[in-house]
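Student: kindly return the folded structure for what I paste below:
(chains A and B)
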Amino acid sequence: DTGVSQNPRHKITKRGQNVTFRCDPISEHNRLYWYRQTLGQGPEFLTYFQNEAQLEKSRLLSDRFSAERPKGSFSTLEIQRTEQGDSAMYLCASSSSNRLAGAYEQYFGPGTRLTVT
Amino acid sequence: AQSVAQPEDQVNVAEGNPLTVKCTYSVSGNPYLFWYVQYPNRGLQFLLKYITGDNLVKGSYGFEAEFNKSQTSFHLKKPSALVSDSALYFCAVRDMGSNTGKLIFGQGTTLQVKP
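Tutor: The predicted model follows:
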């Protein structure tokens, strides 16, 4: 079990550019979550996948944001036409739906810190 | 609306002393409650959870938390603090209005343990 990994760890981009982040969940986890964390705040939910299906999106996820999880494995989060307000830490988490395997807690990756200049 | 509150931005404690980090919640129905810790430039690390059963739950690194339904609280405790416990702590509750398992987090409490 190598844990949840995210790439890149840091991204600096200019306003208006597109960026894409990747998350590799724990291999046997079928549930995957994206959260956004700004300085001094707790993480806020963005979107949820069960296997390859995107089942819920937050109102925080404007139409400039899109997420995918092809084949139910890794996931990508793309932000188009970035704005300075998008600067934040983007966290990915995964969990199992198997209650015997700890279905309730989520395991987080190290995050991708985005800075939009 | 469901929510979590951590009333203290920062808690200071001397090494070896007991520590408490407070959390209160507001949810409909029975809550699923969690504590996570975050070290600088790192993701969140799971400490413990309350789903059902004994009100006192034990977790990683000697931490425990007490679920109090009447006070709608889930305070994090440790009998003897270590300098290495200094970090940012988040309380979270599962959003019971969704079947996704998504979490609602408090704003976080910085724990500072001084030698």
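Student: give me the number of residues near B:Tyr25?
Tutor: When counting by other C-beta atoms under 10 Å in any protein chain shown, one arrives at 19 neighbours for B:Tyr25. (Each C-beta comes from the backbone N, C-alpha and C, glycine too.)
Student: and the helix or strand where it lies, how far out from the chain's middle?
Tutor: Secondary structure assignment for B:Tyr25, by DSSP states H and E: strand B:24-26. Mean-position distance between strand B:24-26 and its chain equals 11 Å (C-alpha atoms, centre = their mean, to the nearest Å).
Student: report all helices and strands that that strand contacts.
Tutor: In terms of contacts (3 or more C-beta pairs under 8 Å, 6 or more residues apart in numbering or on different chains; DSSP states H and E), strand B:24-26 is packed against strand B:3-5, strand B:73-78.
Student: dump the ones you listed into JSON lines; add mean neighbour count and mean pLDDT as well.
Tutor: Formatted as JSON lines, the helices and strands packed on strand B:24-26 follow (neighbours: other C-beta atoms under 10 Å in any protein chain shown; pLDDT from 0 to 100):
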{"stretch": "strand B:3-5", "mean neighbour count": "16", "mean pLDDT": "95"}
{"stretch": "strand B:73-78", "mean neighbour count": "20", "mean pLDDT": "98"}
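Student: name the residues that touch stretch A:46-56?
Tutor: With C-beta atoms under 8 Å, 6 or more residues apart in numbering or on different chains as the contact definition, stretch A:46-56 has outside contacts at A:30-36, A:57-58, A:60-61, A:65, A:67-72, A:75, A:77, A:90, A:97, B:98, B:100-102.
Student: what distance separates it from the centre of its chain?
Tutor: Distance, centroid of stretch A:46-56 to centroid of chain: 11 Å (C-alpha atoms, centre = their mean).
Student: please name the nearest non-neighbouring residue to B:Tyr32.
Tutor: B:Arg94 (3.9 Å; C-beta to C-beta, 6 or more residues apart in numbering or on different chains).
Student: what count of nearby residues applies to the nearest residue to A:Lys57 once chain neighbours are set aside?
Tutor: Nearest residue to A:Lys57, sequence neighbours excluded (C-beta to C-beta, 6+ apart): A:Thr47, at 4.8 Å. For A:Thr47, the neighbour count with other C-beta under 10 Å is 23.
Student: next one: A:Thr47, what pLDDT does it get?
Tutor: If you check A:Thr47, the pLDDT there is 97.
Student: no more questions from me, cheers.
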